[in-house]
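**Student:** coords please:
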Amino acid sequence: MNNSSEDISRKEKFLKELQFFFSRFAQAVAHQTGRASSFTLALILIVVWGGCGPFFGYSVSWQVTIETICSTVTLLMVLLIQNTQYRDTQAIQMKLDELIQTSKNARNDLIEIEKLTEGEIAEVREIQREIREQSETSGTGSV
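**Tutor:** Residues are numbered from 1 along each chain as shown. The predicted model follows:
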């Protein structure tokens, strides 16, 4: 029994380390690929590939090579960027929730609004529009 709990503990530790590594890796890749130097490098590679076309007779394998590389890089970049954006969005949402919780006049029902359905969010948006219009007509100017 003790041995299996140690195995679970090791697995949990390994998974946490793996998540930490992936998180840092995704942040670093997203940061580096957002730089002008990365764009320049990609542009140079495409120009070099295009320049090699005459030497390979514009063969099918020459075309498939760049298509495969581009497809693979695109898929990986989409997944990394999605991961990074998800974490950034979660962090921003937590900060906004904290601000709502500490504000005296804030409506606490807006905390975790991102978990509502699109229809529920539309209802909240309509309520906020009505409140804004009422405050504008009453001359208070604030919600």
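
**Student:** Could you tell me how many residues sit around Asn83?
**Tutor:** With neighbours defined by other C-beta atoms under 10 Å, the count for Asn83 comes to 17. Where you see a C-beta, it was placed from the backbone N, CA and C, and this is true even at glycine.

**Student:** Distance of Gly34 relative to Leu41?
**Tutor:** For Gly34, the distance to Leu41 (C-beta to C-beta, to the nearest Å) stands at 13 Å.

**Student:** again, but for Arg107
**Tutor:** On the measure of C-beta to C-beta, Arg107 and Leu41 end up 48 Å apart.

**Student:** okay, which residue is most central for the chain?
**Tutor:** Gln85 (1.6 Å; C-alpha atoms, centre = their mean).

**Student:** Please identify the buried residues of the helix or strand bottoming out on mean pLDDT in the chain?
**Tutor:** When each helix and strand of the chain is scored by mean pLDDT, DSSP states H and E, helix 2-33 comes last, with a mean of 83. Residues 26, 29-30, 33 are the ones in helix 2-33 that count as buried (16 or more other C-beta atoms under 10 Å).

**Student:** Can you tell me which of those comes closest to Val64?
**Tutor:** Distance to Val64 across the buried residues of helix 2-33 (C-beta to C-beta) is lowest for Thr33, with 24.0 Å.

**Student:** Distance of the closest one relative to Asn83?
**Tutor:** On the measure of C-beta to C-beta, Thr33 and Asn83 end up 13 Å apart.

**Student:** Kindly report the same for Leu99.
**Tutor:** 25 Å.

**Student:** mind giving me the domain split of the protein?
**Tutor:** Under the assignment automatic domain parsing, the domains of the chain span 2-104, 112-143.

**Student:** which one of these has the lowest average pLDDT?
**Tutor:** Mean pLDDT per stretch puts domain 112-143 lowest among the domains of the chain, at a mean of 81.

**Student:** For the lengthiest helix in the chain, name the packing helices and strands.
**Tutor:** In the chain, with assignment by DSSP state H, the single longest helix is helix 60-102. Contacts defined by 3 or more C-beta pairs under 8 Å, 6 or more residues apart in numbering; DSSP states H and E place helix 60-102 against helix 2-33, helix 36-52.

**Student:** List phi and psi for Gly34.
**Tutor:** When quoted as degrees, to the nearest 10, the phi and psi of Gly34 stand at phi -80, psi 0.
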